[in-house]
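> the following block contains a protein sequence and its predicted model.
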Amino acid sequence: MRASAHVISADFDRIAACSGGIPDVLERAAQRLVAAVPLRSRVLDVGCGTGALARELAAKRGAKVTAIDLSPRMVDVARLRSPASLGIEYAVADLMELSPTGFDVVISTNTLHHLPLADAAARMAAALVPGGMMLIADLFSARGPLELPYNAISWLARPRRPGSRELAAAWDAHWQHDDIPTLPHVRRALRAVLPGVSIRRHISWRYTACWKRPLR
Ligand SMILES: C[S@@+](CC[C@H](N)C(=O)[O-])C[C@H]1O[C@@H](n2cnc3c(N)ncnc32)[C@H](O)[C@@H]1O
């Protein structure tokens, strides 16, 4: 069962408290999304965590980034790590209680598995201007005997997060609250609200999704 926003926020407050001194890590799936962002776009980053993606978008794509996260301590860390010159606007906010509008790109990495996927995607789609782009990178679970080779390779290639024993314990506690969807579930949920969405499966239990809001 999906954990409440209160539980998720507390989990990530704890993770943020142990994240001092941990260098920025931008996973390969997130790097792919960055490359797809048009230069100087107005971007909404949903579930920004420590702000690594927001900084990359501002620095490399010249994006005007608004970045939101449920966890106040994550946003504190993100603000501390972000030079004012990047002009990133951070806010503590729950996507499911917002109705943002006017963005060229809405992007989210490793966050939507905490949310009802179709509802969250519909909210993100509504935040886009016509012709705007939604970019998602997130986790899925691969189950069943046919997935054994994929799971073995993914385990070997999994991203390793540097950090302390406290940080590992905080992540372990959080995993208990995660309910990672399968890829068929992801496909059904996203196709229901984003007609024509392109979804790709990658190694290490990551998928990416890309959707363009029609011009009319
Ligand atoms: C696993 S972290 C990912 C952080 C970063 N995007 C990354 O890829 O490293 C998930 C983040 O999503 C945030 N989050 C979860 N539910 C959210 C919601 N409803 N609205 C905004 N942020 C949310 C959490 O607080 C957490 O910081």
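Ah, there it is.
> so which residues of this structure form helices?
5-17, 28-36, 52-61, 72-81, 117-126, 148-156, 165-175, 183-193 (DSSP state H).
> worst mean pLDDT among those helices?
Mean pLDDT is lowest for helix 165-175 among the helices of the chain, at a mean of 90.
> buried residues in that one?
Applying a neighbour-count criterion of 16 or more other Cβ atoms under 10 Å, the buried positions in helix 165-175 are Leu167, Ala170, Trp171, His174. Any C-beta I mention is one placed from the backbone N, CA and C, and that applies to glycine too.
> doesn't Ile22 make contact with the second one?
It refers to Ala170. No: the pair Ala170 and Ile22 does not pass the contact test of Cβ atoms under 8 Å, sitting 11.5 Å apart.
> in the chain, which residue is most central in space?
Thr109 (1.8 Å; Cα atoms, centre = their mean).
> so what's it up against?
Glu27, Ala29, Ala30, Leu33, Gly47, Leu53, Ile136, Ala137, Asp138 (Cβ atoms under 8 Å, 6 or more residues apart in numbering).
> which of the residues you listed lies closest to the ligand?
Gly47 (2.8 Å; Cβ to the nearest ligand atom).
> that closest one against Met96, yeah?
No: Gly47 lies out of contact with Met96 (Cβ under 8 Å); the separation is 11.4 Å.
> comparing the two, which residue is more hemmed in?
Gly47 (25 against 13; other Cβ atoms under 10 Å).
> what parts of the protein come near the ligand?
Taking Cβ under 6 Å from any ligand atom as the contact definition, the chain meets the ligand at 5, 8-9, 12, 30, 46-49, 53, 68-71, 74, 94-96, 109-111, 114-115.
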